[in-house]
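Peer 1: Sequence below, structure please.
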Amino acid sequence: MDGMAETNNDSPPSPLALALMRELAQVPAAHGVSIPRLGKRLGVSASALMREIAHLGDAVVGGQRGPGWVRLTQEDQRWMACLTEPGRQQCEVWHGV
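Peer 2: Model (predicted):
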């Protein structure tokens, strides 16, 4: 990594980030999970998930690129989220998953 995750590791993760990463760690990376399904599992709205994923993905938010832990793709009109390999490694740090 080029140091971008280090910047984001400085602040503690939100409870939603922890829950989201834990949930995604249970799914094979090749499959991913739809945003509506994740929202139901976590009890939050799709818009809340999309905001959190923006911070955990590689989007630039507030001038800072995210760590790239979560990848968001669109498949047949559905938004799907999955952990990247660095995301799986971070999950092990946070959860021992």
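Peer 1: Could you verify that residue 20 is part of a strand?
Peer 2: No - counting by DSSP: H, G, I helix; E, B strand; the rest coil, residue 20 is located in no strand; its state is helix.
Peer 1: what's the nearest residue to it if we skip its chain neighbours?
Peer 2: residue 52 (5.8 Å; C-beta to C-beta, 6 or more residues apart in numbering). No exception for glycine: its C-beta is placed from N, CA and C like everyone else's.
Peer 1: Assess the claim that that neighbour and residue 15 are in contact.
Peer 2: No - at 10.1 Å, residue 52 does not count as touching residue 15 under the criterion of C-beta atoms under 8 Å.
Peer 1: Check which helix or strand residue 74 maps to.
Peer 2: strand 70-75 (DSSP states H and E).
Peer 1: CA atoms of that strand as PDB?
Peer 2: What follows is strand 70-75, C-alpha atoms only, in PDB (Å, rounded to 0.1, in the frame of the first residue of the first chain):
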ATOM      1  CA  VAL A  70     -14.500  -2.200   0.300                       C
ATOM      2  CA  ARG A  71     -15.200  -2.400  -3.400                       C
ATOM      3  CA  LEU A  72     -18.600  -1.300  -4.800                       C
ATOM      4  CA  THR A  73     -19.700  -2.700  -8.200                       C
ATOM      5  CA  GLN A  74     -22.900  -2.600 -10.200                       C
ATOM      6  CA  GLU A  75     -24.300  -5.900 -11.500                       C
END
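Peer 1: and the helix or strand just after it, which strands flank it?
Peer 2: Next in sequence after strand 70-75, counting helices and strands by DSSP H and E, comes strand 78-83. Sheet pairing here is set by DSSP bridges, and for strand 78-83 it gives strand 33-34 (antiparallel), strand 70-75 (antiparallel).
Peer 1: what number of residues lie near the closest residue to residue 14 other than its chain neighbours?
Peer 2: Nearest residue to residue 14 in three dimensions, chain neighbours excluded: residue 52, at 7.0 Å (C-beta to C-beta, 6+ apart). For residue 52, the count of nearby residues is 22 (other C-beta atoms under 10 Å).
Peer 1: try residue 32
Peer 2: Residue 32, neighbours per other C-beta under 10 Å, totals 22.
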